[in-house]
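Peer 1: Below are the sequence and a predicted model; questions follow.
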Amino acid sequence: MSSGSLVRAIGIAGASWGVLQLTRGPAIWTSLEGDQPSGTESGVIAVLGGRHLAQGLAEAVWPNHGQAWWAVVDLTHAASMVAFAAVGRDRYRRVALCSGAVALTNGLLTLVARRRQAR
């Protein structure tokens, strides 16, 4: 798989995750945490879903541009979610780790693609 094809696939997966968060975010939250998200929590779900959707579309449309930036955004998101899970309330731990795992996977795969492109 070429670097561009890998980033395009990462983008499609990220955009799909964003759509899922935007359309089924409260249900995902409930399945992870056991109760409904508050209004503020639903707002955060929508913002993060929008971020994943926008970034995923950009990656899918322009797979050979901005890879370092996209990796930094995802890895920063992942690090912030791990930190939040470590110091946050138990209520957010599973949601934060799930969100962080998705971002970490996207970020690492984007770095792999970037490395392939540099060869």
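Peer 2: Perfect, I can see it now.

Peer 1: Who are the contact partners of the residue positioned nearest the centre of the chain?
Peer 2: By C-alpha atoms, centre = their mean, the mean C-alpha position of the chain lies nearest to Ala103, the distance being 3.8 Å. Ala103 makes contact with Asp74, Leu75, His77, Ala78, Met81, according to C-beta atoms under 8 Å, 6 or more residues apart in numbering. All C-beta atoms are positioned from the backbone trio N, CA, C, and that covers glycine.

Peer 1: I'd like the next helix or strand past the top helix by length along the chain.
Peer 2: Of all the elements of type helix in the chain, the one with the most residues (DSSP state H) is helix 3-33. Sequence order places helix 39-61 as the next helix or strand after helix 3-33, per DSSP states H and E.

Peer 1: Not counting that next one itself, show me its contacts.
Peer 2: 7-8, 10-22, 25-26, 28-29, 37, 66, 70, 73-74, 77, 99, 102, 110.

Peer 1: doesn't Pro63 make contact with Ser5?
Peer 2: Yes: under the criterion of C-beta atoms under 8 Å, Ser5 makes contact with Pro63 at 7.4 Å.

Peer 1: So those two - more neighbours on which side?
Peer 2: When Ser5 and Pro63 are compared for neighbours, Pro63 comes out ahead with 23 against 11, by other C-beta atoms under 10 Å.

Peer 1: if we can go back for a sec, and the angle for the longest helix of the chain with helix 39-61?
Peer 2: Note on geometry: by axes from the mean of the first three to the mean of the last three C-alpha atoms, to 10 degrees, helix 3-33 and helix 39-61 are set 160 degrees apart in direction.

Peer 1: which of the residues in helix 3-33 are buried?
Peer 2: Residues of helix 3-33 classed as buried: 3-4, 6-11, 13-15, 17-18, 21-22, 25, 28-29, 33 (neighbour count, 16 or more other C-beta atoms under 10 Å).

Peer 1: pLDDT below threshold where in the chain?
Peer 2: Along the chain, the parts satisfying pLDDT under 70 run over 119.

Peer 1: Please repeat the previous calculation with a cut-off of 50.
Peer 2: The model of the chain has no residue with pLDDT under 50.

Peer 1: that older thread, out of the contacts of Ala103, who's the most crowded?
Peer 2: Counting neighbours by other C-beta under 10 Å, Asp74 comes out on top of the contacts of Ala103 with 26 neighbours.

Peer 1: That concludes my questions; thank you for your assistance.
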